[in-house]
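Trainee: Here you go, sequence then predicted model.
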Amino acid sequence: KTQKSKFMKLIISIIFCLIITSNIFPQFYPNGYNYQTLPDNRRPNDIKFINSKTGWVILGDNENYGQPSIFKTTNRGQNWYLQTSDFNLFNDGLVWGNTFLNFINENTGWVSFGYKYSENSVYYPIYKTTNGGANWQNVFTYVNDNSRNGWLKFVYANTGYMYNLSGGKICKTTDSGMDW
């Protein structure tokens, strides 16, 4: 009886573990990733989630240039909603270079990207939202001669950092990106 009872306990334990595991992780693929479909076939330039449900993705195509588009999800990426693809850029420029999204909460976020205005001039506008991405306002634009921004990171509503790849400089703002 002892052998049988140990064997039955082992079988019951294995079945219990399988049931628990299948109920906790049903949405995951065997390799551990939970795949979601992005809203269109352009490449994601940056993606940020502020919690397990709410996130934004900026889609663009750096090789073919074009206007970046920002999409938002509030259900873990099951659905994506276009928030904007109109950044009021100059009519004859091309989006070029790195694009970065940064959110510090559900309402406040920034986006930055390169905008090639001429062969030797690149504008780097920084846009800010205070309503979760429903509207974006240009807070700063700087001009660089063929240099590229490296990243944009805000740690508080007023304090942020930006890295310039070409110049190797870290810039800081204490007024939400209006001055660097």
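Mentor: Cool, got the structure.

Trainee: use CA for all of it now, contacts and neighbours both
Mentor: Will do.

Trainee: Show me where this protein has its helices.
Mentor: 2-24 (DSSP state H).

Trainee: Quick check, residue 151 in contact with residue 168.
Mentor: No: contact criterion Cα atoms under 8 Å: residue 151 and residue 168 do not qualify, at 11.4 Å.

Trainee: what touches both of those two?
Mentor: Shared contacts of residue 151 and residue 168 (Cα atoms under 8 Å, 6 or more residues apart in numbering): none.

Trainee: Looking at those two, which is more packed in?
Mentor: Between residue 151 and residue 168, counted using other Cα atoms under 10 Å, residue 151 has the larger neighbour count: 18 against 11.

Trainee: Across the sheet, point out what pairs with that one.
Mentor: On the basis of DSSP bridges, residue 151 is bridged to residue 163.

Trainee: got a list of what it touches?
Mentor: Taking Cα under 8 Å, 6+ apart, one finds 98, 100, 162, 163, 164 in contact with residue 151.

Trainee: Among these, which has the minimum pLDDT value?
Mentor: Ranked by pLDDT, these bottom out at residue 98, which has 68.

Trainee: what about the chain, any weak spots by pLDDT?
Mentor: Applying pLDDT under 70 to the chain picks out residues 1, 16-36, 61-67, 85-98, 115-122, 143-150, 165-167.

Trainee: any chance you could map the strands in it?
Mentor: 43-49, 55-60, 69-73, 81-84, 94-103, 109-118, 121-129, 137-144, 149-154, 160-164, 169-173 (DSSP state E).

Trainee: Include distance to residue 5 when you put those strands into CSV, please.
Mentor: Shown next, in CSV, are the strands of the chain (distance: least, Cα to Cα, whole Å):
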stretch, distance to residue 5
strand 43-49, 49
strand 55-60, 51
strand 69-73, 51
strand 81-84, 56
strand 94-103, 56
strand 109-118, 60
strand 121-129, 64
strand 137-144, 70
strand 149-154, 59
strand 160-164, 63
strand 169-173, 67
